[in-house]
Each structure stands twice: as C-alpha cells, then as structure tokens.
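# here's my sequence, what's the structure:
(one chain, ligands or ions: 1)
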Amino acid sequence: MDKLMPSAGDHQLQNYEQMRDSFTWSDVEPVFSWYKSGKVNAAYECIDRHAADGKGDQTALLYSDKNRNESHTFEELRKSTNQAAHMFKKIGIQKGDRVFVFMPRSPELYIALLGIIKAGAVAGPLFEAFMKEAVRARLEDSEAVSIVTTPELLERIPYDELPDLKKIVLVGESEYPDKRFYSFYDEMKASPTDGNAIEWMDREDGMILHYTSGSTGKPKGVYHVHNAMIQHYQTAKWVLDLKEDDIYWCTADPGWVTGTSYGIFGPWLNGVTNVVRGGRFSPEDWYGTIEQHGVTVWYSAPTAFRMLMSAPKHALENADISSLRHVLSVGEPLNPEVVRWGMEAYGHRIHDTWWMTETGAMLICNYPSEPIKPGSMGKPIPGIKAAILDNQGNEMPPHEMGHLAIKSGWPSQMRSIWKNEAKFKDYFYFKGWYVSGDTAYRDEEGYFWFQGRNDDVINTAGERVGPFEIESKLVEHPAVAEAGVIGKPDELRGEIIKAFISLNDGYTFTDELKTEIQTFIKSELSAHAVPREIEFKKQLPKTRSGKIMRRVLKAWELDEPAGDLSTMDD
Ligand code: WT7
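Residues are numbered from 1 along each chain as shown. Predicted coordinates:
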C-alpha cells in the first residue's frame, strides 16, 4: 500500500530528520522544576507545577461512567493528591515502600496513585480483573506493604497470608475487620490539602512497578524511576502531539503501562486535559465519550479498532466525532486494513506506536509530520537508536529479519526486574543492547516492520500473557496432568489462548470438563487468561529433559513443519 502523507499543520515534531541527528535527552530537562533543585517528584511535575504556573483553574481530569460525570482542575487535584500523600504518610508508608492500587477506573484511583508517588512510595497498579492468585503473586513478589482497593475486591486479596501487607485502604462504605483497615474517604477528609505532602526524590528513585509476563516463570516486576518523566513528557509532545488546549483520551487502564505512561504522566506532564472513561468497552459509549468531551487526541489499541470496525454502522453515524485531530494505536500489530478503514471511517491516519512495559515509554513511532507506511510501526524517536541484530548481536542490513534491539540507556528504561537480577540480565545478552524479544526488519528508509515474538509470550487483545502462569494453574486442576499453552492467530484479538492438556487417570475429556477448567482459570487468574480453546491430547510433545515443547504444539495447530525435533522425547 502507498504511503499516507501527513496533513499540513503545526506539529510538535516538525523536522524529524533534523531532530533525530541533533537531539539529546538533556535538552528536555530545563522544562522541569527540578532542573535547578536537583530534587524531583513526578507527581509534582504532573499536577502542582501547572497550578503554580497559573493554570490551576484549567480542567485536568474529565471523568465519566454510567453514574458519574466529574471534572477536576489542576488546583483541585493538587489538593486531593496532597491529601492522599498525607494519608499514606500518616498510616506509616515510607519512601520506597510498594503501595498497590487495585480498583476500577475512577477519580479516586488517579488521586491515590499520584498520592502514593507524592509520598515517595512506589506505586503498583493492578488491573481490576485480576483474581486471587494473580493478586497474591504480585503482592508477594513485591513485598507490598499497602493496597488501596474497594470493598468489592477485598475478597480477592489474601491479606491474612501476606505478612508484609499491613495497611489496607478501602474506597467505599464497609466494615473494617481490624486495625489494618482504613477508610479512604475518612482519612482523606482528615488530611490537610497543603503542608509538606511531597517527598522530594532523586531522579533515580523508584516511582512505579508494573507486573508483566514473560514466557517462563512468574510475572515479573518491571521497576521504573522518576527520571522516566523526561521521556513521558517528550514523547507525549512529539508523538501524541499534545498541545495546551487538547482534550486527550487514552483508553487504557492504569493496570497496564499504557494507562500510566500515557494515561497519567504523558498528558499531565504537558498540562493537558485528560479524559478517563470508566466501565467496559461499547462502540456507542466510546464514540459518545469523544463527542461528549470533544476529544481531540485519541490513543487506543488494534483490538479496539477492530471491534469498532465490525460494530454496526449506526454507532459511528449517530456520534459526532469531528473534534478528533490525531489518532494513535499501541500494543499489538496494527493491520494495514485497519489503517485503511480508519482513513475512511474517521478521515484520520491511525498512528502506530511500538514500545513495551520494560521500555517505559514509546520508542518506535509514526509521527503526525511524517508519511505513514501502513503495516509499519514507524521510525525510532530522536534520542533512540534501534537496530535489527542477528544471533551474534551484529547489526543486520535492511530487509533482513532479526532481533529488534535498542541501544541501552534511554530515560524511561526499566531499572530492574524486582528482586530478579537474572531475569533483568536476560534482556542484555548482547552487550550494550536491550533485546526486546520481538522480531522485526527495517527498510531502507528506516521504517521498522514487526514480524512476531521470539519467545512464547502471548498477546491477546493487546494484553500480554505468559503461557507458564496459565500452564501452572491448569495443572493445579485435579483433572489435568500436563498442559501446554500457545497463542493461536485470531482475526479480532490478534491471538487467542489455546491450551493442550493431558488428563489424569479416571478423567475423560467432555464439554463440561472443558467449561469447568475455563471457570477455574477465570476465578483463579483472570478472564483474559482463560484459554478459549482447550484440546485434549493423550501425551504432550516434550524434550528429553521433560520440558513441554510449545513450538511443536504451535506447529501442529498451524499445520506447519515443526522444525528441529532432535531434542524431542520419543
Ligand atoms: C509487546 C509489549 C507498551 C504498550 C502496551 C504493550 C507488542 C507493542 C506493538 C506494535 C506490534 C506491538 C510487542 C511487544 N507490541 N506495540 N505497535 N506493533 N506489536 O506492552 O504488554 O509490555 O507488551 O507488545 O510484542 O514486545 P506490553
């Protein structure tokens, strides 16, 4: 398909080629107040700085769901996040403590999360759909000392089995079983809106801990520091193209990195009005949100666009979305036909962006000022060197597929995997390079083209799922002897989860058993971890050392040659 040319107009990144050669990250630092003092707090830079700059009355947050419609100014958020920070300090939260937020999207979630950061603690966002074992794994691994949650979600937190978890803050009316529990609203009311709420940090101090999945082992805690704000700020300018009077909507939940880096930091560091929609996806609701708030910049994901593409036409026809001026996507491959449809349906190019939980912020992107090649993720942002490496770590020429890698050392790069030095080092096995785990190629004009994952990580509806966590849970079911889990290509969701299982003696594979196993996974892990397909096998393909060979399962599923089988057990 041909290139889609940029529209004329004033974009924040006007001359990509020139910036790419001349830009260094230290150019950004004078923007922030810490440039002089040396001490930083990202929550201050998101909120208080704008209130101090005379923008206190500007709307910072526009929140809506079925029952609520609220707007909060920067000055109001300055006060409420101060109150939250005071609350956390009063209940004993110390600098560096991990404090989790586990609740549906609401203004309280955003206030709590920024309050945690203001108080100098490390915020741990948890997606509201997680069930008990998924919650336990994350709280245990991070040695979380506190969690903010709702009374409804409390039963999914095994707090009596988590000795480190000493403070539980409940958002909503509830009974308080014992003195570990606090009322969010009561404590907020009792806390001052000013005073020394903010803990001043070093830029390399911890800010946020996002759990994500790899192909082996438990979920890993990806640790980010305050310094990441440099890149959140600058990419929100260049790529989201945010300007002061924009109304910006990122559809991601803060349980995922997109929902924090670009649902909190990017827009607010730029002093922009940020829209948050609570509740679930529906085409009417989503277009209604754009119309209601006059959204100008919209950041979403391929699965959502594909769902909107297949929604009844009237959903779009009944809404006025003419306020939009810039549309973006992240999280999974953006199909060229979706880009084509976007031109027809919205009259806008959908700008694909590539990055990961570990990278903290965007790295390879399409810019409003540059031509788009549909199907390509775009080009590295200024300040970033990306390359395609061969198996020896050498850079490969254009059009050859290899490991997508980034020269290590960008501002928002993860600083560690929580308590797991070995896992952290795995990313850097070619000296000086961060190796993403994705395969890609680069063309002669410098555009990068995503090809797939190098490991068994599954990307279903833009959510990253580790097969190992599901396999481990499957074999906990009394009927299941062994399990192998793969991602199976799917038109709508990109991939779906498919499980191959063998059964223990005395069990037969029936539809009832299949449903029972699916319910088991849903109730223990989460809805998005459920294998939509389960296939029974007498035996699973294994290496001689007993490792289940997902690669062979995948080849069977796709009817492709299974490759080298020399390590397979007969
Ligand atoms: C993986 C990272 C940080 C955004 C949310 C996902 C895949 C991400 C793209 C894209 C094709 C993409 C990669 C990557 N991915 N963006 N534009 N095109 N694939 O973050 O959950 O850490 O997943 O998502 O495979 O490695 P994540």
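
# buried set for the helix or strand bottoming out on mean pLDDT in the chain?
Ranked by mean pLDDT, DSSP states H and E, the helix or strand of the chain with the weakest confidence is helix 34-37, at a mean of 76. For helix 34-37, burial by neighbour count (16 or more other C-beta atoms under 10 Å) applies to Trp34. For the C-beta atoms, the positions are set from N, CA and C on the backbone; glycine is no exception.

# mind listing residues that contact it?
In this structure, residues lying in contact with helix 34-37 by C-beta atoms under 8 Å, 6 or more residues apart in numbering are Glu29, Val40, Glu45, Trp200, Arg203.

# CA atoms only for it, dumped as PDB, please.
Provided in PDB are the C-alpha atoms of helix 34-37 (Å, rounded to 0.1, in the frame of the first residue of the first chain):
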ATOM      1  CA  TRP A  34      13.900  20.000  39.400                       C
ATOM      2  CA  TYR A  35      16.400  21.200  36.800                       C
ATOM      3  CA  LYS A  36      17.500  23.800  39.400                       C
ATOM      4  CA  SER A  37      16.900  22.000  42.700                       C
END
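
# quick one: that helix to chain centroid distance?
29 Å (C-alpha atoms, centre = their mean, to the nearest Å).

# rewinding a little: what subset of the contacts of helix 34-37 is buried?
By 16+ other C-beta under 10 Å, the contacts of helix 34-37 give Val40, Glu45, Arg203 as buried.

# can you give me the neighbour number for the closest residue to Arg49 other than its chain neighbours?
Excluding the flanking residues, the one nearest Arg49 by C-beta to C-beta, 6 or more residues apart in numbering is Ser33, at 5.8 Å. A total of 16 residues lie near Ser33 under the criterion other C-beta atoms under 10 Å.

# close to the ligand: what parts of the stretch 351-500 of the chain are there?
The stretch 351-500 of the chain comes close to the ligand at residues 352-357, 377, 436-438, 450, 453, 459, 464, as judged by C-beta under 6 Å from any ligand atom.

# and with 5 Å instead?
Asp352, Trp354, Trp355, Met356, Thr357, Met377, Asp438, Phe450, Arg464 (C-beta under 5 Å from any ligand atom).

# got CSV for those residues, with pLDDT too?
As requested, those are arranged in CSV below (pLDDT from 0 to 100):
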residue, pLDDT
Asp352, 98
Trp354, 98
Trp355, 98
Met356, 97
Thr357, 97
Met377, 97
Asp438, 96
Phe450, 94
Arg464, 89
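
# just the closest of the residues you listed to Gly259, please.
The closest of those to Gly259 turns out to be Thr357 (C-beta to C-beta; 11.2 Å).

# on the three-state scheme, the closest one is what?
coil (DSSP: H, G, I helix; E, B strand; the rest coil).

# cool, and the one 5 residues further on?
For Met362, the secondary-structure state derived from three-state DSSP is coil.

# what about it, how many neighbours?
28.

# please apply the same query to Val169.
Val169 - counted by other C-beta under 10 Å - has 24 other residues nearby.

# can you give me the helices for the stretch 301-450 of the chain?
302-309, 313-317, 336-345, 421-426 (DSSP state H, counting those that start in this stretch).

# list the buried ones in stretch 480-500?
Counting neighbours by 16+ other C-beta under 10 Å, stretch 480-500 gives 480, 482-488, 490, 493-500 as buried.

# which of those residues fall within strands?
480, 482-488, 490, 494-500 (DSSP state E).

# so which of those is the closest to the ligand?
The ligand lies nearest to Gly494 out of these, by C-beta to the nearest ligand atom, at 8.6 Å.

# beta-bridge partners for the closest one, please?
For Gly494, the beta-bridge partners under DSSP bridges are Asp490.

# contact partners for the nearest residue to His326 once chain neighbours are set aside?
Distances taken as C-beta to C-beta, 6+ apart put Val297 closest to His326, at 4.6 Å, once the chain neighbours are dropped. Residues near Val297 by C-beta under 8 Å, 6+ apart: Leu240, Asp241, Leu242, Asp246, Ile247, Tyr248, Trp249, Leu324, Arg325, His326, Val327, Leu328.

# any quick PyMOL command for the buried ones out of those residues?
Under the burial definition 16+ other C-beta under 10 Å, those of the contacts of Val297 that qualify are selected in PyMOL by:
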select buried, resi 240+241+242+246+247+248+249+324+325+326+327+328
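
# mind listing what the closest residue to the ligand within the stretch 301-450 of the chain touches?
Residue nearest to the ligand within the stretch 301-450 of the chain: Thr357 (3.3 Å; C-beta to the nearest ligand atom). Neighbour list for Thr357: His210, Thr212, Val222, Trp256, Val257, Met414, Arg464 [criterion: C-beta under 8 Å, 6+ apart].

# of those residues, which belong to strands?
Counting by DSSP E, those contribute His210, Thr212, Val222, Arg464 to strands.

# who wins for most neighbours among those?
Among the ones in strands among the contacts of Thr357, His210 has the most neighbours (other C-beta under 10 Å), with 26 neighbours.

# show me the beta-bridge partners of it.
Here His210, judged by DSSP bridges, has bridge partners Val222.

# where along the stretch 51-200 of the chain do the helices fall?
Going by DSSP H, counting those that start in this stretch, the stretch 51-200 of the chain shows helices at 74-90, 107-118, 132-142, 184-189.

# got JSON lines for those, with mean pLDDT, mean neighbour count and distance to the ligand too?
Below are the helices of the stretch 51-200 of the chain laid out as JSON lines (pLDDT from 0 to 100; neighbours: other C-beta atoms under 10 Å; distance: least, C-beta to the nearest ligand atom, whole Å):
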{"stretch": "helix 74-90", "mean pLDDT": "98", "mean neighbour count": "24", "distance to the ligand": "25"}
{"stretch": "helix 107-118", "mean pLDDT": "99", "mean neighbour count": "27", "distance to the ligand": "18"}
{"stretch": "helix 132-142", "mean pLDDT": "96", "mean neighbour count": "20", "distance to the ligand": "15"}
{"stretch": "helix 184-189", "mean pLDDT": "98", "mean neighbour count": "16", "distance to the ligand": "29"}
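
# any chance of the ones you listed in TSV, plus distance to Gly393?
As requested, the helices of the stretch 51-200 of the chain are exported to TSV (distance: least, C-beta to C-beta, whole Å):
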stretch	distance to Gly393
helix 74-90	44
helix 107-118	37
helix 132-142	30
helix 184-189	50
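
# minimum distance to Lys537: which of those has it?
helix 132-142 (25.0 Å).

# show the secondary-structure elements that that closest one is packed against.
Where contact means 3 or more C-beta pairs under 8 Å, 6 or more residues apart in numbering; DSSP states H and E, helix 132-142 is packed against strand 98-102, strand 122-126, strand 206-212, strand 220-225, helix 467-474, helix 511-524.

# so how far is that helix off the chain centroid?
On C-alpha atoms, centre = their mean, the centre of helix 132-142 falls 18 Å from that of its chain.

# what's the angle between that helix and strand 98-102?
With axes from the mean of the first three to the mean of the last three C-alpha atoms, to 10 degrees applied, the angle from helix 132-142 to strand 98-102 works out at 160 degrees.
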